[in-house]
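J.: the sequence and its predicted three-dimensional model are supplied below.
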Amino acid sequence: MKLNRLFPAAIVIITVCLTSCTTEDGLDGVKGDPGTIGDGATGINCWDTNSNGTNDEEEDTNQDGEFNALDCRGMDGADGANGVDGVDGENGTNGSNGENGVDGVGLEDMLRFGSIEVELQGIRPDNVAFANNESFRYTPVDGDDIDTYNSVVSNNQGNDIVYQFELRRFLSTPDEVYQIAFADISLSITKPEQLPFVFNQASIQINNYAVIGNDNKYFVLDDQFDNNGPGVTDFVLSDISFDTVTNNLQFSYSFTVDAANNDSNNELNISGNVDVFVLELIN
């Protein structure tokens with residue numbers, strides 16, 4: 001019974017004590033001493049590529065006069081894989097041929113007396129068919145050789161005149177050592193009172209001439225053929241004309257030689273045209 005009376009009294013005393021206390025904050029404590037300054041280095045700006053702490057001109061990569069993050073550049077990325085090659089384009093159209101150049105100085109005298117054209121058709125020694133056209137144009141002009149290289153001599157026989165022509169044209173400028181490829185024609189014709197000319201005799205020589213194929217293979221033709229010589233058939237001279245004022249001689253020729261009598265070792269067809277100016281010795 002006594003305890004039951006004391007418990008309410010204790011509750012009352014505790015309540016009075018709590019309501020009489022204040023809840024205001026206390027005073028701030030004393031400020032502590034500043035901490036020690038760290039010794040770490042200043043960071044490097046991302047645009048400072050040489051890390052010298054200076055805004056160098058080349059580091060203003062966008063050239064706006066400012067040094068900031070806009071000037072920063074990352075490392076180059078790895079090269080990408082090579083792309084697939086494109087399809088080859090079509091070949092362009094061939095250009096026009098240029099104009100022939102002017103003959104070099106000093107060659108005019110050798111070229112002004114005309115040429116001997118030679119056309120060859122046959123089979124090479126290796127049994128490959130070939131066709132070859134060549135122009136022999138160079139005439140030696142030294143006086144000692146004109147009578148055998150580029151001359152005409154005429155003789156009267158009754159009412160007719162017999163002309164003997166000696167023609168030689170070299171493939172290149174002759175020097176009697178290295179450039180001795182030539183075509184040589186010895187021809188006798190008679191001019192009767194009534195034209196046309198009468199063909200008497202002919203000899204055609206092709207000397208040291210290399211027949212070169214498109215496959216860069218060659219053989220050398222070094223033969224002489226007479227109109228009535230061995231292995232020569234179908235020898236024809238046509239369209240013969242000779243101007244006694246200008247000494248211009250023109251004609252065409254053709255013949256066939258059997259395999260045993262030419263250096264191709266096969267039947268050979270030879271033809272061509274001659275258009276030359278011959279010289280006549282003053283007696």
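T.: Arrived safely, thanks for sending. Residues are numbered from 1 along each chain as shown.
J.: for the spatially closest residue to residue 68 that is not a sequence neighbour, give me its contacts.
T.: Distance criterion CB to CB, 6 or more residues apart in numbering; nearest residue to residue 68, sequence neighbours excluded, is residue 47 at 7.2 Å. Quick note: C-beta positions are derived from backbone N, CA and C, even for glycine. Applying CB atoms under 8 Å, 6 or more residues apart in numbering to residue 47 gives the contacts 55, 59-61, 67-69, 71-73.
J.: quick one: strands adjacent to the top strand by length along the chain?
T.: What stands out as the longest strand in the chain, according to DSSP state E, is strand 198-212. Paired strands of strand 198-212, with direction, are strand 182-191 (antiparallel), strand 218-226 (antiparallel) (DSSP bridges).
J.: next, the buried residues of the longest one.
T.: So that's strand 182-191. Using 16 or more other CB atoms under 10 Å as the test for burial, strand 182-191 gives 182-187, 189, 191.
J.: which of these sit farthest apart?
T.: Comparing all pairs in the buried residues of strand 182-191 by CB to CB, the longest separation belongs to 182 and 191, at 27.4 Å.
J.: surely residue 198 and residue 190 touch.
T.: Yes. Taking contacts as CB atoms under 8 Å, residue 198 lies within contact range of residue 190: 4.3 Å.
J.: find residues that contact each of those two.
T.: With CB under 8 Å, 6+ apart, residue 198 and residue 190 have no common neighbours.
J.: sorry, back to before: buried ones among the contacts of residue 47?
T.: Buried among the contacts of residue 47 (16+ other CB under 10 Å): 59-60, 67, 71.
J.: low-confidence ranges in this structure?
T.: Low-confidence segments of the chain, defined by pLDDT under 70: 1-26, 35, 37-41, 102-106.
J.: okay, strands next: where are they in it?
T.: So, for the chain - with DSSP E - the strands run 114-123, 129-136, 150-157, 160-170, 182-191, 198-212, 218-226, 232-243, 248-257, 268-277.
J.: which outside residues touch the third one?
T.: To tie it back to what came earlier, the one meant is strand 150-157. With CB under 8 Å, 6+ apart, strand 150-157 has contacts from 113, 139-140, 161-168, 190, 247, 249, 276, 278-281.
J.: try it again at 6 Å.
T.: 113, 139, 161-166, 278-280 (CB atoms under 6 Å, 6 or more residues apart in numbering).
J.: with the last one instead?
T.: Residues from elsewhere that reach strand 268-277 (CB under 6 Å, 6+ apart): 113-114, 116-119, 121-122, 167, 247-252, 254-257, 262.
J.: ok, of those residues, which come out buried?
T.: By 16+ other CB under 10 Å, the contacts of strand 268-277 give 113-114, 116-118, 122, 167, 247, 249, 251, 255-257, 262 as buried.
J.: can I get these in JSON lines including distance to residue 87?
T.: JSON lines is the format used below for the buried ones among the contacts of strand 268-277 (distance: CB to CB, whole Å):
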{"residue": "113", "distance to residue 87": "56"}
{"residue": "114", "distance to residue 87": "53"}
{"residue": "116", "distance to residue 87": "51"}
{"residue": "117", "distance to residue 87": "47"}
{"residue": "118", "distance to residue 87": "47"}
{"residue": "122", "distance to residue 87": "45"}
{"residue": "167", "distance to residue 87": "58"}
{"residue": "247", "distance to residue 87": "64"}
{"residue": "249", "distance to residue 87": "60"}
{"residue": "251", "distance to residue 87": "57"}
{"residue": "255", "distance to residue 87": "55"}
{"residue": "256", "distance to residue 87": "52"}
{"residue": "257", "distance to residue 87": "53"}
{"residue": "262", "distance to residue 87": "51"}
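J.: please identify which of those residues is nearest to residue 149.
T.: residue 167 (7.5 Å).
J.: close enough to count as contact, that closest one and residue 185?
T.: Yes. If you go by CB atoms under 6 Å, residue 167 and residue 185 touch, sitting 4.5 Å apart.
J.: residues contacting stretch 85-103, please?
T.: Contacts of stretch 85-103 (CB under 6 Å, 6+ apart): none.
J.: only C-alpha atoms, please: export that stretch in PDB.
T.: C-alpha atoms of stretch 85-103 as PDB (Å, rounded to 0.1, in the frame of the first residue of the first chain):
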ATOM      1  CA  ASP A  85      40.400  -1.600-104.300                       C
ATOM      2  CA  GLY A  86      38.000   0.000-106.700                       C
ATOM      3  CA  VAL A  87      37.300  -1.400-110.200                       C
ATOM      4  CA  ASP A  88      39.700  -0.300-112.900                       C
ATOM      5  CA  GLY A  89      38.400   2.300-115.200                       C
ATOM      6  CA  GLU A  90      38.100   1.900-118.900                       C
ATOM      7  CA  ASN A  91      41.200   2.800-121.000                       C
ATOM      8  CA  GLY A  92      41.100   6.300-122.400                       C
ATOM      9  CA  THR A  93      41.000   7.000-126.200                       C
ATOM     10  CA  ASN A  94      44.300   7.000-127.900                       C
ATOM     11  CA  GLY A  95      45.600  10.400-128.700                       C
ATOM     12  CA  SER A  96      46.200  11.700-132.200                       C
ATOM     13  CA  ASN A  97      49.600  10.900-133.800                       C
ATOM     14  CA  GLY A  98      52.000  13.800-133.600                       C
ATOM     15  CA  GLU A  99      53.300  15.500-136.700                       C
ATOM     16  CA  ASN A 100      56.500  14.100-138.300                       C
ATOM     17  CA  GLY A 101      59.600  15.900-137.000                       C
ATOM     18  CA  VAL A 102      61.900  17.800-139.200                       C
ATOM     19  CA  ASP A 103      64.900  15.900-140.600                       C
END
